[in-house]
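Engineer: The following comprises the amino acid sequence and a computationally predicted model.
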Protein chains: 2
Amino acid sequence: MSAADLIAVLMARHLHWDLQTPDDPHNDHVIFSKGHASPLYYAMLHAAGVIDEQELRTYRQLDSRLEGHPTPRMPPTDVATGSLGQGLPIGVGIALSGKDLEQLPYRVWVLCGDSEMAEGSIWEAFDYAGWRGLDNLTAIIDVNRLGQTRETMLGHDLQAYADRATAFGWHPIVVDGHDVRAIDEAYDEAANVSGKPTVIIARTLKGKGVKAVEDQPGKHGKPLDDAASAVQELGGLRDLQVDVQRPDTSQEPHRFSSTHADRPSYEVGTDGSTREAYGAALAWLGATREDLVALDGEVSNSTHADQFAKAQPERYFEMFIAEQQMAAAAVGLGTCGWTAFASTFGAFWARAYDFVRMAAVSRADLRLCGSHAGVAIGADGPSQMALEDMASLRAIQGSAVLHPSDANQVTCLMEDIADRSGISYLRVLRGKTTVRTAPDERVHVGGSRTVRQSDDDNVTLISCGVTVDEAVKAADLLAAQGITARVIDCYSVKPIDEDAVRRAAADTKAIITVEDHRAEGGLGDAVLEALAESEARPVVRKLAVGIMPTSGTPEELMHAAGIDAEAVTAAARSLCEA
Amino acid sequence: MSAADLIAVLMARHLHWDLQTPDDPHNDHVIFSKGHASPLYYAMLHAAGVIDEQELRTYRQLDSRLEGHPTPRMPPTDVATGSLGQGLPIGVGIALSGKDLEQLPYRVWVLCGDSEMAEGSIWEAFDYAGWRGLDNLTAIIDVNRLGQTRETMLGHDLQAYADRATAFGWHPIVVDGHDVRAIDEAYDEAANVSGKPTVIIARTLKGKGVKAVEDQPGKHGKPLDDAASAVQELGGLRDLQVDVQRPDTSQEPHRFSSTHADRPSYEVGTDGSTREAYGAALAWLGATREDLVALDGEVSNSTHADQFAKAQPERYFEMFIAEQQMAAAAVGLGTCGWTAFASTFGAFWARAYDFVRMAAVSRADLRLCGSHAGVAIGADGPSQMALEDMASLRAIQGSAVLHPSDANQVTCLMEDIADRSGISYLRVLRGKTTVRTAPDERVHVGGSRTVRQSDDDNVTLISCGVTVDEAVKAADLLAAQGITARVIDCYSVKPIDEDAVRRAAADTKAIITVEDHRAEGGLGDAVLEALAESEARPVVRKLAVGIMPTSGTPEELMHAAGIDAEAVTAAARSLCEA
């Protein structure tokens, strides 16, 4: 109710939406960053003729498109909201597309709550949009002063919000959020500001129009005691319909042109870097696919995304050290049809975990690259080591978690995930590994490589990433001791190659998993899951990082963590002799 | 090198540190939020006499306390840094303790990089510290303009930083970061500002003093080509020692007094709410333990932390919707000796995941409560459902993940984790569950409850939280069909009760795990891990949430996800008949 006047004026006079074709790229975008204002959102879609009366009454019921917080199940909703502070950064991504990629005159309108202004991600969005000068973006802050349990930090101090916005390079407009004429003028002003995003800071009252709740604390998220009286007080039942203006469709979206590039390939037996292979594959795919865009969190000379940045500067976005905004921008760009890859250190994807979680609810297609996996990074220490990334990202619904062991695998997997739906995570290494996959061999999401196999294998070593080299070394050491080891490279940790794992379970007495990651939620657990109902269920020993690592050389740290060839060998011996 | 002058003046004339007793509560605190400035930090400790020449040369080597990024292994380091944007919010927590809890005159100095000003968490810290008026906190921004790959968004525009700080309620001081007199005056000014935190915005040059690298891009994190010449250029080898001033120890830290409260208890057979039990246990522990503090992310009437807030307002911190700052403040308060509990919806702990990861590196003791677990919350929809929390938090080194099924369990587990080292996560439910644990029964971290057992059990149902009720219902249904089911309540998901799980594996033909969480990384994987090397390894079927949930009633959603009594019954029948 606090934002109803703001939305009514937007709809009636400023929004450009062809709701018959919600996918029309010329449409404006509306995001309710305060997803709990879903009753207003659905009322808006009802007034626009998208939702009929009957469907409106299915709100929050099973099978209804009208969920408690908006999701893309209800077109034209771009993204799911409900975890606060995400709608605005996603809106930044859409505005980037409109202004700098598609070059279309659509506008992005984001309704924010005042409580969510406490989320740091909101200020990442202010920072980035201000720096980029995204004048096609308008944030509308519904300053109703009351959060769930109490007044916000700033209450009705509109000037404080305005000062912050100004300092972040935005054009602020302070307005009475219940004065429709003033709101109308504010939207006009927003549309005419050039070179800066605009924020409309609206003084509103929570529960506006119904005295029993208006501006009262303790009413958040609670149904009205007397809905009938409230309807009367608001003017009685009315069937308001609004004709929303159609967008300007005169201009075609800008498209990039593709060029030729050679597929990167690496000679078997040489040492290759999977992170360098990420950069090379990104640059290669970017040349041939004009829909590909890349983002990086100010570490592009570490992730090697800089190879793409050099080749395709117009489609590269430097997101600085703001991982939440980076994930959100990738989601926003994805809703506009771009195939987005985003990269940073694997450890720092933890910063954007809630955004990745919500991206799955948004049914977004997102490709994340996390470099510097595990203790094998060496001297920089645990703050820089991705050790929980596979666990957290495996738990995301529909995700793929890929951890290639050599450079040629990276190229194939990048090809695969460019066209994959859902969240795909590619984990790459700081150091080099032996190239074992032939350039013309195709690895794929859900596959594995059997590196070494015989008819009389005693034990299976299942590895991924840097531990494949260790497993192969261990197999050599074991062979010298009369133990024959199968070695499987499970570069696809999710989905895992269940057939290969189950075959190994049937063929060998024991399985050892070895990974440069925590014991929980990674490769070892994926293998156990694959065997949970298998006919053969041999002993499985998980070798993983159980210590808190420190600085040291990669070799020292892998030894200390018990995931090197020596540890694998000892485990295999103990299991085979048991 | 860019921050060396800033730190030299701080040490020589403004810092109050008794380095012989690094735990003295009167000491100032210094946090290098830009943890990659560790060479400067260790040089500072060397100059202060804490690190000798020999140890200084162990930098980044295995077993050295001088890790690539500072950790508390090197006293007096409070917390680990190296994931940018975390030091300042943690400093806010320490400043809160000094000003509002201990009431001691120590100061908190936080050295920030300019690149990390892009992290939203920095602005959560600015927001909160400004609102609280933490005048014992001084941030020092080393504006050297150059990030890892390029110039920052603001470059050397010091006024832009100052305007942002002012807008967030801070007192900014712009200074030439290489003018030692000006720096000295700035610190004096900071110490005299009342009612506001101060930020010193220092214009510096990266690589200051060595022309080969000074103010040059492309030199980030790289060793000098010619170190000997650089030392000459900087004035030659010198053994600088600084006498750091001792703190004022005249005042004892303020301590709260304990009062009496009755231990909450709930009658067996009644319906109880685990989230209400969290609030009740928190209020009870808070009455008897004067070291206990609580924080909540503006949902305290949902998590029921408001029960503590009402009872102990001086020790309650409303953190608003800023989960990163909340986690960081809890870590900061913990370094000052407080036993901190922090709560929000379990889903929203994903927002602070990188902070929890780093808290483990900091060896912090942290107690997190996550409410509104799983699809059983009902109509609010997936954005509000914790479904990945157990997976992500189980992967944190040394963590405990607890998911009590009834109100009496909550009280016991709260007692346990109040004294537990490391990260403890308590997952509670929105709805009510049957109280089965007697008020005088003690459950504990690492334990389990066997709810139903006989000498001839056919199958074991392992459950936690809301699924315990479902498992019991299923056992009743199965009994009617001639199948005897053991029911185990694994309220301690990590560490899991391996003995109970292994006994069940030996006693029954199959195990079914059922959890209101994703299939990856939760209860099912914990059970599989417990059985990986067990002698008995029966078939394990994991029932978990494999769909993307929508709105609906709790019953509808648990049914749709296949984790209700009906699903458990069907799974048990199929396994027993197999």
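Structural biologist: Great, that's in hand.

Engineer: A:G207 is in contact with A:L234, correct?
Structural biologist: No. Using Cβ atoms under 8 Å, A:L234 is not in contact with A:G207, being 10.8 Å away. The C-beta positions use only the backbone N, C-alpha and C, and glycine is treated the same way.

Engineer: more crowded one of these two?
Structural biologist: Set A:L234 next to A:G207 and count neighbours by other Cβ atoms under 10 Å in any protein chain shown: A:G207 wins out with 20 against 14.

Engineer: Give the helix, strand or coil label for that one.
Structural biologist: Here A:G207 is coil, with the state taken from DSSP: H, G, I helix; E, B strand; the rest coil.

Engineer: Please apply the same query to A:P264.
Structural biologist: Here A:P264 is recorded as coil under three-state DSSP.

Engineer: element containing the residue nearest to the spatial centre of chain A?
Structural biologist: Centroid-nearest residue in chain A: A:V356, 3.5 Å away (criterion: Cα atoms, centre = their mean). Assigned by DSSP states H and E, A:V356 belongs to helix A:353-361.

Engineer: So for that helix, what gets flagged as buried?
Structural biologist: A:Y353, A:D354, A:F355, A:V356, A:R357, A:M358, A:A359, A:A360, A:V361 (16 or more other Cβ atoms under 10 Å in any protein chain shown).

Engineer: pretty sure the third one contacts A:A329?
Structural biologist: What that stands for is A:F355. No. Taking contacts as Cβ under 8 Å, A:F355 lies outside contact range of A:A329: 9.9 Å.

Engineer: joint contacts of those two?
Structural biologist: Common contacts of A:F355 and A:A329 (Cβ atoms under 8 Å, 6 or more residues apart in numbering or on different chains): A:P89.

Engineer: so how far is B:G130 from the closest residue to chain B within the stretch 401-550 of chain A?
Structural biologist: Closest residue of the stretch 401-550 of chain A to chain B, Cβ to the nearest Cβ: A:G521 (3.6 Å). To B:G130, A:G521 is 38 Å away according to Cβ to Cβ, to the nearest Å.

Engineer: now A:R541
Structural biologist: In this view, A:R541 and B:G130 are 53 Å apart by Cβ to Cβ.

Engineer: more crowded one of these two?
Structural biologist: Using other Cβ under 10 Å, the more surrounded residue of A:R541 and B:G130 is B:G130, with 21 against 18.

Engineer: how about that one, what does it touch?
Structural biologist: So B:G130 contacts B:F168, B:G169, B:W170, B:K196, B:P197 (Cβ under 8 Å, 6+ apart).

Engineer: Mind doing that once more with 7 Å?
Structural biologist: Counting by Cβ atoms under 7 Å, 6 or more residues apart in numbering or on different chains, B:G130 makes contact with B:F168, B:G169, B:W170, B:P197.

Engineer: element containing it?
Structural biologist: Here B:G130 is assigned to helix B:120-132, by DSSP H and E.

Engineer: Any idea how far stretch A:106-121 is from the middle of the chain?
Structural biologist: A distance of 18 Å separates the centroid of the chain from that of stretch A:106-121, by Cα atoms, centre = their mean, to the nearest Å.

Engineer: Equivalent analysis for stretch A:93-103, please.
Structural biologist: Between the centre of stretch A:93-103 and the centre of its chain there are 18 Å (Cα atoms, centre = their mean).

Engineer: In a strand, A:L295, correct?
Structural biologist: Yes. Counting by three-state DSSP, A:L295 falls inside a strand.

Engineer: I figured it was touching A:F317, is that so?
Structural biologist: Yes. At 4.4 Å, A:L295 counts as touching A:F317 under the criterion of Cβ atoms under 7 Å.

Engineer: In this structure A:A395 contacts B:G524, no?
Structural biologist: No. Using Cβ under 7 Å, A:A395 is not in contact with B:G524; the gap is 11.6 Å.

Engineer: who does the helix or strand hosting A:L426 touch, helix- and strand-wise?
Structural biologist: Using DSSP H and E, A:L426 sits in strand A:423-427. Helices and strands in packing contact with strand A:423-427 are listed as helix A:353-361, strand A:366-371, helix A:389-394, strand A:400-402, helix A:407-418; criterion 3 or more Cβ pairs under 7 Å, 6 or more residues apart in numbering or on different chains; DSSP states H and E.

Engineer: And the helix or strand of chain A with the lowest mean pLDDT, what's buried?
Structural biologist: For chain A, using mean pLDDT, DSSP states H and E, the weakest element among its helices and strands is helix A:227-233, scoring a mean of 94. Buried residues in helix A:227-233, counted by 16+ other Cβ under 10 Å: A:A230.

Engineer: One more: stretch A:491-502?
Structural biologist: A:Y491, A:S492, A:V493, A:K494, A:P495, A:I496, A:D497, A:E498, A:A500, A:V501, A:R502.

Engineer: List the ones among the residues you listed that fall in strands.
Structural biologist: A:S492, A:V493, A:K494 (DSSP state E).

Engineer: pretty sure the second one contacts A:L523?
Structural biologist: Pointing back at A:V493 there. Yes. Between A:V493 and A:L523 there is a contact at 5.3 Å, judged by Cβ under 7 Å.

Engineer: So for the two, which residues contact both of them?
Structural biologist: Shared contacts of A:V493 and A:L523 (Cβ under 7 Å, 6+ apart): A:C464.

Engineer: Show me which residues of the stretch 251-400 of chain A sit near chain B.
Structural biologist: Within the stretch 251-400 of chain A, the residues that sit near chain B (Cβ under 7 Å from any Cβ of the partner chain) are A:298-301, A:306, A:318, A:320-322, A:324, A:347-348, A:350-351, A:353-354, A:357-358, A:361, A:379-384, A:388, A:391-392, A:394-397.

Engineer: where's A:L62, which helix or strand?
Structural biologist: Applying DSSP H and E, one finds A:L62 in no helix or strand.

Engineer: Not counting its neighbours along the chain, what's nearest it?
Structural biologist: Spatial nearest neighbour of A:L62, chain neighbours left out: B:G552 (3.5 Å); criterion: Cβ to Cβ, 6 or more residues apart in numbering or on different chains.
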